[in-house]
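S.K.: After the sequence you'll find the predicted model.
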2 protein chains.
Amino acid sequence: MKHRGKTNPPGRIKIMKSFSKLMEEKDFHSITTAEIAKNGEVTEGLIYKYFKDKKDLLYQVLNEHFMEFQTKIESRISYETTCVEQLEVIIFSSLESYAENRLFSKMLLLEVRTSPAFFNSAAYGMVKKYAATILEIIQKGIEQGELKDDTDPYLLRKVILGAIEHACLGEIIFGRELSIDQTSTGISDIIFNGVRT
Amino acid sequence: MKHRGKTNPPGRIKIMKSFSKLMEEKDFHSITTAEIAKNGEVTEGLIYKYFKDKKDLLYQVLNEHFMEFQTKIESRISYETTCVEQLEVIIFSSLESYAENRLFSKMLLLEVRTSPAFFNSAAYGMVKKYAATILEIIQKGIEQGELKDDTDPYLLRKVILGAIEHACLGEIIFGRELSIDQTSTGISDIIFNGVRT
DNA sequence: TTTTGTAAGTAAGTATCACTTACCTTGTGA
DNA sequence: TCACAAGGTAAGTGATACTTACTTACAAAA
């Protein structure tokens, strides 16, 4: 008997909530299915009614967070006119989401990348969509002359994504505080204006 | 009976070699201790004579690679005079090492970050040293007027490290080819000169 | 030469883990 | 009213990381 996603039964919600709570405290691998079940007041077997395996549970939880994130980003972009402003909004919003939602950033930046199965998941589909949005803005920026025309759009995207992600690592791993405003404007300034005198 | 690190017995070498070989083929978690032992022609128990646990084996292998890497970087830097050139050498050398040594980059960028134990390991000590080297160069660059004096050195370091790491992710995860020269000069150009027209 | 201590290595476990199987229960529409 | 599917349970099972208690090899002290 498999879950077909038409309804969202209480057991499924309990499992995801329990797992999320545990993920805030420790890393994925040190969470056991027994713990998830006990904490969520369901039996261990039920986990496997709704999720293919433990990793699938991780990917589905991540997917829900990513959908919210993508909606927020797209809405905010629509208010900006220039490409640079749009990219700045993406940098700011990404930092904000990662910083406010430790669970989301932990899953996305630390836990999922190690296993090949992730790259077939719906959550990875969301990552691709997010990355595609950034690429489109960069390409438009080059076309419209806002960005230098010898810019490699794929490489610029990598620099932007890398900067965002690395900026959050300290926060995620060591729980350091991160000033979103300062970091966001700092990254934008470096990438758009350069650091050479 | 614990290993005190004074000698390097054949069993220890066999285990590290066997593990390294397996890590080239698959991810850390899907490698079993039984496999490591069989492949290295030792018994499973011996692994735990030389390594605290499976993760400790990973950290020790990574540490050896990182020591080589750090030596290379430091040697190359010494030939450069300006700070920008030194940073360019670091970007190039890091990309080169990550691209040439898939095992090294896989361990460092994907596998170790998830568990807190890594941050107490000798390998993490090497990461800190590498990061410290970069920071020193940036600070010198600001002092000497090569870099803008309103640059946040910590943030610039994050952007550089993030760019390097993210640029290699596609290669590590999907096995994509990466042009080191092109990527290296591209990243340097973006960060030092900016992309805005 | 003998003794002794220790490092190198082995063999046979064990507890725990992710995951499976077979089953029960409940609500609903034909 | 009864068939049937979805929601949920209980009791497994094989594999896995790690442990324990042991043997062997060998160098230096006595």
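M.R.: That came through fine. Remember, it's a predicted structure, so these values are computed and weren't measured experimentally.

S.K.: residues contacting residue A:106?
M.R.: When contacts are counted by Cβ atoms under 8 Å, 6 or more residues apart in numbering or on different chains, residue A:106 touches A:23, A:24, A:27, A:172. Every residue, glycine included, has its C-beta placed from N, CA and C.

S.K.: Could you pull out the buried residues of the helix or strand harbouring the second one?
M.R.: For residue A:24, the enclosing helix or strand under DSSP states H and E is helix A:10-25. Within helix A:10-25, the residues that count as buried by 16 or more other Cβ atoms under 10 Å in any protein chain shown are A:11, A:12, A:14, A:15, A:16, A:18, A:19, A:20, A:22, A:23.

S.K.: now swap in stretch A:130-150 and tell me
M.R.: Result for stretch A:130-150 [16+ other Cβ under 10 Å]: buried residues A:130, A:133, A:134, A:137, A:138, A:139, A:141, A:142, A:146, A:147, A:148.

S.K.: and residue A:89, that one's in a strand?
M.R.: No: read with DSSP: H, G, I helix; E, B strand; the rest coil, residue A:89 is helix and lies in no strand.

S.K.: In JSON lines, list the contacts of residue A:106 along with pLDDT and distance to chain B.
M.R.: Converted to JSON lines, these look like this (pLDDT from 0 to 100; distance: Cβ to the nearest Cβ, whole Å):
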{"residue": "A:23", "pLDDT": "97", "distance to chain B": "11"}
{"residue": "A:24", "pLDDT": "96", "distance to chain B": "14"}
{"residue": "A:27", "pLDDT": "96", "distance to chain B": "5"}
{"residue": "A:172", "pLDDT": "96", "distance to chain B": "9"}
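
S.K.: How about the secondary structure of residue A:42?
M.R.: coil.

S.K.: how near is it to residue A:9?
M.R.: Going from residue A:42 to residue A:9 by Cβ to Cβ, to the nearest Å gives 10 Å.

S.K.: quick one, which of these two is more surrounded?
M.R.: Per other Cβ atoms under 10 Å in any protein chain shown, whichever of residue A:42 and residue A:9 has more neighbours is residue A:42, with 19 against 12.

S.K.: tell me the contacts of that one?
M.R.: Listed by Cβ under 8 Å, 6+ apart, the contact set of residue A:42 reads A:11, A:14, A:15, A:18.

S.K.: One more pass at 10 Å, please.
M.R.: Residues near residue A:42 by Cβ atoms under 10 Å, 6 or more residues apart in numbering or on different chains: A:10, A:11, A:12, A:14, A:15, A:18, A:36, A:49, A:50.

S.K.: Which single one of those is nearest to residue B:108?
M.R.: residue A:36 (29.9 Å; Cβ to Cβ).

S.K.: wait, doesn't the closest one sit right on residue A:48?
M.R.: No: with contacts counted by Cβ atoms under 10 Å, residue A:36 stays clear of residue A:48, the gap being 11.2 Å.

S.K.: Overlap of the contact sets of those two?
M.R.: Here residue A:36 and residue A:48 share the contacting residues A:54, A:57, scored by Cβ under 10 Å, 6+ apart.

S.K.: Compare neighbour counts for these two and give me the winner.
M.R.: Taking other Cβ under 10 Å, residue A:36 and residue A:48 do not tie; residue A:36 has more neighbours (26 against 13).

S.K.: What score does the more buried one have for pLDDT?
M.R.: If you check residue A:36, the pLDDT there is 97.

S.K.: and it, that's in a helix?
M.R.: Yes: per three-state DSSP, residue A:36 lies within a helix segment.

S.K.: Identify the residues contacting it.
M.R.: Applying Cβ under 10 Å, 6+ apart to residue A:36 gives the contacts A:14-23, A:42, A:44, A:46-47, A:51, A:54, A:57.
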